[in-house]
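Asks: Generate a structure from the sequence data that follows.
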Amino acid sequence: MPQRSLHVTYAASDRNRIPDLLTEGACLLADLHDRGVIDGLGERVQVRRQGGYCGLDGWLMLLVYFASGACCGVKGFWTTLGRHAGRLAALAGRSGLPSPSALSRLLEHVEYDLLRPVAGWLLAGVAEIDAVLQHPATRTYDALGQDWHVFDIDPTVTTLRQRALPEGDDLPEPLRRAEQTGAPGYSGRKRGDIQFRRVTVQHAGSGAWVHAHLSPGNGEGVVDLGRALDAIVETCRRLEHPLSRVLGRLDGEHGNVPCITTFRE
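Replies: Residues are numbered from 1 along each chain as shown. The predicted structure follows:
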């Protein structure tokens with residue numbers, strides 16, 4: 001019978017190598033640093049607190065987390081990131097990234113009125129989408145050859161189910177963080193105790209997001225629409241594109257006189 005031999009070689013994995021899960025986040029951090037965006041982020045993303053990580057560090061941590069596409073929470077994600085957090089932070093010129101507990105404490109001090117004005121810049125300025133929006137391929141053309149910008153406004157309600165919180169004389173006062181963004185409201189077929197409404201505006205020709213904000217409960221109706229339209233007007237102002245050739249696509253919820261009036265105004 002023929003004789004065969006099998007040679008097996010084994011090398012231990014390099015523990016210092018950044019996992020594939022973190023490569024996209026690492027590239028984003030390096031790109032932001034190379035384009036000089038980090039300083040602008042530090043000036044705009046502000047969280048008023050004494051000591052600890054600042055708003056910029058929390059924003060960078062969340063950027064790496066969402067860029068990874070991880071199917072777990074921040075705590076589970078930290079088991080992969082923790083060992084490499086220092087090196088990833090160095091790509092952005094920072095000394096470290098906040099751990100899940102540090103990030104939780106940081107988010108407790110977030111003030112929505114302080115950060116909401118910079119949301120548009122975070123979506124458009126950081127990503128530098130204007131150059132893309134100005135390309136002819138991202139516009140819609142009518143039968144006369146005139147170019148139009150089309151925006152989709154699509155609010156979505158998300159419900160949250162609240163767990164019972166432990167109570168006792170030796171325990172601190174219970175705090176539900178969801179109450180800062182959620183409120184009771186009509187949830188339809190969705191089951192939940194509280195809910196929030198997410199209003200987003202997307203440029204149809206490019207897929208770029210130009211606006212996003214949250215409202216508690218079922219939202220604020222015309223106020224939410226007004227914020228979305230303000231973002232569209234600001235985008236067209238930067239692009240020097242006339243509002244007379246802009247289309248906004250919405251569902252039937254907005255087919256009423258107050259919303260039509262908001263469009264006209």
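Asks: in stretch 252-263, what counts as buried?
Replies: For stretch 252-263, a neighbour-count test (16 or more other C-beta atoms under 10 Å) marks 254, 259, 262 as buried. In this view, the C-beta of every residue, glycine as well, is placed from N, C-alpha and C.
Asks: ignore the last one, stretch 78-95
Replies: Residues of stretch 78-95 classed as buried by neighbour count (16+ other C-beta under 10 Å): 78, 81, 84, 85, 88, 89, 91, 92, 94.
Asks: Could you chop this structure up by domain?
Replies: As given by automatic domain parsing, the domain ranges for the chain are 20-110, 121-161+181-264.
Asks: Reformat these into CSV and put mean pLDDT next to each item.
Replies: Putting the domains of the chain into CSV (pLDDT from 0 to 100) gives the following:
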stretch, mean pLDDT
domain 20-110, 92
domain 121-161+181-264, 91
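Asks: Dump those into CSV; add distance to residue 9 as well.
Replies: Below are the domains of the chain laid out as CSV (distance: least, C-beta to C-beta, whole Å):
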stretch, distance to residue 9
domain 20-110, 23
domain 121-161+181-264, 45
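Asks: now for those, which one comes closest to residue 172?
Replies: Comparing these by their distance to residue 172 (C-beta to C-beta), the top pick is domain 20-110, with 12.7 Å.
Asks: chain center to that closest one: distance?
Replies: Centroid separation for domain 20-110 versus its chain: 13 Å, with C-alpha atoms, centre = their mean, to the nearest Å.
Asks: Report the contact partners of residue 226.
Replies: By C-beta atoms under 8 Å, 6 or more residues apart in numbering, residue 226 lies in contact with residue 262.
Asks: again with residue 161
Replies: Shown in contact with residue 161 (C-beta under 8 Å, 6+ apart): 191, 192, 193.
Asks: of the residues you listed, buried ones?
Replies: Neighbour-count burial (16+ other C-beta under 10 Å) is assigned to none of the contacts of residue 161.
Asks: would you list these in a markdown table and tack on secondary structure and distance to residue 36?
Replies: Formatted as a markdown table, the contacts of residue 161 follow (DSSP: H, G, I helix; E, B strand; the rest coil; distance: C-beta to C-beta, whole Å):
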| residue | secondary structure | distance to residue 36 |
| --- | --- | --- |
| 191 | coil | 47 |
| 192 | coil | 43 |
| 193 | coil | 45 |
